[in-house]
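In: Predicted coordinates and the sequence they were generated for:
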Amino acid sequence: MENLKNSLNWFEIPVIDFDRAQKFYSSIYDFEMPTMPIGPNMFGFFLMEKGGVGGAIVKGEGYEPSSKGTLVYLNTGENLMPVLNRIEDAGGKVIMEKTLVREDIGFIAMFIDTEGNRVALHSMK
């Protein structure tokens with residue numbers, strides 16, 4: 001197998017109430033999440049650099065939120081605290097406070113979003 005630059009190239013977080021989820025993620029990241037229907041599904045896109053790894057919230061048939069299963073770690077830039085500090089005011093629930101993994105790996109935190117998904121955050125500081 002060839003060496004890949006990244007092991008991830010796209011992720012989708014399932015949602016039931018699209019407007020509520022869009023408001024939640026827009027609030028914790030402090031930006032207006034762009035949206036677009038693709039086929040029968042509605043997508044809300046996380047911001048990313050051109051050519052970078054991206055993802056979206058998605059409402060549609062077969063998309064079911066879960067607090068079990070795959071865990072997505074969202075990038076928060078240098079320090080995850082600004083995003084983590086907005087989670088509960090936006091309607092989510094912090095389930096793991098900022099925790100050091102190792103100095104060379106950085107910090108993580110976890111939360112349950114407004115749709116019931118378990119999601120994590122990552123930063124180096």
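Out: In hand now; what should we look at?

In: make it CA atoms for all contacts and neighbour counts henceforth
Out: Fine.

In: Select the longest strand from the chain.
Out: Using DSSP state E to define each element, the chain has its longest strand at strand 93-102.

In: who's in contact with that strand?
Out: Residues outside strand 93-102 that contact it (Cα atoms under 8 Å, 6 or more residues apart in numbering): 80-81, 84, 87-88, 106-113.

In: first to last residue in stretch 63-80, what's the distance?
Out: Start and end residues of stretch 63-80 are separated by 27 Å (Cα to Cα, to the nearest Å).

In: Also stretch 80-95?
Out: 14 Å.

In: For the residue nearest the centre of the chain, give me the backbone phi and psi.
Out: The residue lying closest to the centre of the chain (Cα atoms, centre = their mean) is residue 74, at 4.7 Å. Residue 74 adopts backbone torsions of phi -90, psi 140, taken as degrees, to the nearest 10.

In: who touches it in this structure?
Out: Taking Cα under 8 Å, 6+ apart, one finds 119, 120, 121, 122 in contact with residue 74.

In: The last one is in contact with residue 105, isn't it?
Out: Meaning residue 122. No. Judged on Cα atoms under 8 Å, residue 122 makes no contact with residue 105 at a distance of 9.1 Å.

In: which of these two has more neighbours?
Out: Between residue 122 and residue 105, counting by other Cα atoms under 10 Å, residue 122 is the more crowded of the two (25 against 12).

In: got a list of what the more buried one touches?
Out: 73, 74, 75, 76, 77, 80, 106, 107, 108, 109.

In: again, only this time at 10 Å
Out: Residues in contact with residue 122 (Cα atoms under 10 Å, 6 or more residues apart in numbering) are 72-81, 98-101, 105-110.

In: Narrow those to those in helices?
Out: Using DSSP state H, the subset of these located in helices is residue 81.

In: Is it possible to mark the buried ones in the contacts of residue 122?
Out: The neighbour-count test (16 or more other Cα atoms under 10 Å) marks 72, 74, 76, 79-81, 98, 100, 106-110 as buried among these.
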